[in-house]
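>>> I would like to see how this sequence folds:
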Amino acid sequence: MYIFWDNILKFPRFLISVLIGFFLTTFKPFFELLRDKKNRIILIITISFSCTLFLKILKLMLGLN
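Numbers count the residues shown, from 1 in each chain. Reported below is the predicted structural model:
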């Protein structure tokens, strides 16, 4: 029974490490794009345009005009 509880206590550490690994591998290409000034400007413009578009769509869907 001790082995069972030992495995249960290890699960939160495993879950946290999996989540950190997922986010690091997902966002690593974006961090590499930020090294070059030209790519940095393009990435910032793209992200700001996407956020503005997303907020505009939400406002129209919820009728908050």
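
>>> Is the residue most central in space within the chain within a helix or a strand, and which one?
Central residue of the chain (CA atoms, centre = their mean): Phe23, 5.9 Å from the mean position. Element membership for Phe23 (DSSP states H and E) is helix 2-33.

>>> packing partners for that helix?
Helix 2-33 makes packing contacts with helix 37-62 when contacts are defined by 3 or more CB pairs under 8 Å, 6 or more residues apart in numbering; DSSP states H and E. Yep, even glycine has a C-beta here, placed from its N, CA and C like the rest.

>>> Could you measure from Ile3 over to Ser48?
As judged by CB to CB, to the nearest Å, Ile3 and Ser48 stand 52 Å apart.

>>> likewise Phe22?
Distance from Phe22 to Ser48, by CB to CB: 25 Å.

>>> quick check: domain ranges of the chain?
With automatic domain parsing as the criterion, the domains of the chain are listed as 1-33, 35-65.

>>> Include mean pLDDT when you put those domains into CSV, please.
Putting the domains of the chain into CSV (pLDDT from 0 to 100) gives the following:
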stretch, mean pLDDT
domain 1-33, 91
domain 35-65, 93
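
>>> More neighbours: Ile3 and Ser48, which one.
A count of neighbours by other CB atoms under 10 Å puts Ser48 above the other of Ile3 and Ser48, at 10 against 7.

>>> need the contact list for that one.
Contact analysis of Ser48 by CB atoms under 8 Å, 6 or more residues apart in numbering lists nothing.

>>> can you check the one 4 residues further on too?
Contacts of Thr52 were listed using CB under 8 Å, 6+ apart, and none were found.

>>> try Cys51
By CB under 8 Å, 6+ apart, the contact set of Cys51 is empty.

>>> For Thr26, see how far away it is.
18 Å.

>>> Then Leu19?
Leu19 is 11 Å from Thr26, by CB to CB.

>>> likewise Leu15?
Here the criterion is CB to CB. By it, Leu15 lies 17 Å from Thr26.

>>> before we move on, what about Val18?
12 Å.
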